[in-house]
Each structure stands twice: as structure tokens, then as C-alpha cells.
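In: Please find the sequence and the predicted model below.
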Amino acid sequence: QVQLEESGGGLVQPGGSLRLACAASAFAWDYYTIGWFRQAPGKEREGVACISNSDGSTNYADSVKGRFTISKDKRKKTVYLQMNSLQPEDTAGYYCATSVSCSGTYLSWGQGTQVTVSS
């Protein structure tokens, strides 16, 4: 059974940092790639970053390259999204999801965690 739970969201000032966590069930961890997405009110969902289950390779949206870093902790079965130099446009609900590959269809989703960047 695939279960995902996000945490780490909150309110931060522009230029600040947050680290999001996506805790995955053992099944999800063993078989699936995990990606981070975000969606702001009135906007389409955007893929933010992905880390491959097969080789650990990573992909990032152009809008976050150089500021966000995705990583995983095998022991904790958790994928992290370190977000630095946050800007108001990064304000959104952030969700993790599973797929067979970074470019595949994402079928299972967590409940999300809210990130608000504001002074």
C-alpha cells in the first residue's frame, strides 16, 4: 500500500529557507520514484523536483534550480525538499507523489503541506 505524508511547511520571510519532508510507506519506497509538486490558488499544478528510485538522479523545474534540493534518506524512507532563497512566488501547497519514473504518471499523492512566503 502506498502512503505518503508531507510535513515541514509553514510561514517564512522572503529569502528564508524551509525543509519539507515526505515520509513514504515501505512499499512506496521500495518500488516508486518520488516527486514534489506545488499548486498555488488559481494556478496549475507544477512539478518541482523528482528523485529517481532506480539511480538517485534528480530533476528540477527551471523556476527552482539552484535554490531547491531534493534528497532522500533510505533509513527513514523519507524524501526531503530543501528550499532556500524562498520568494513570494514559491507560496503554494506542496505535495509529494509516486511514479514509476520522474517522467511518468503520478498516481498516489500525499495530503500536502502549505508553504507561505511573506514579509
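Out: Cool, got the structure.

In: List of residues touching the helix or strand of the chain with the lowest mean pLDDT?
Out: One helix or strand of the chain scores below all others by mean pLDDT, DSSP states H and E: helix 26-31, with a mean of 76. Applying CB atoms under 8 Å, 6 or more residues apart in numbering, the contact partners of helix 26-31 are 1-4, 34, 53, 74, 77, 98, 108. In this view, the C-beta of every residue, glycine as well, is placed from N, C-alpha and C.

In: One more: stretch 38-52?
Out: By CB under 8 Å, 6+ apart, stretch 38-52 touches 33-37, 57-61, 63-64, 68-72, 79, 81, 90-95, 99, 101-102, 115.

In: Among those, name the ones in strands.
Out: Residues of the contacts of stretch 38-52 located in strands (DSSP state E): 33-37, 58-60, 68-72, 79, 81, 92-95, 99, 115.

In: List buried residues within these.
Out: Buried residues within the ones in strands among the contacts of stretch 38-52, counting neighbours by 16 or more other CB atoms under 10 Å: 33-37, 59-60, 68-70, 72, 79, 81, 92-95, 99, 115.

In: Quick check, central residue of the protein?
Out: residue 36 (2.7 Å; CA atoms, centre = their mean).

In: mind checking how far residue 71 is from residue 19?
Out: 10 Å (CB to CB, to the nearest Å).

In: got it, and residue 49?
Out: 13 Å.
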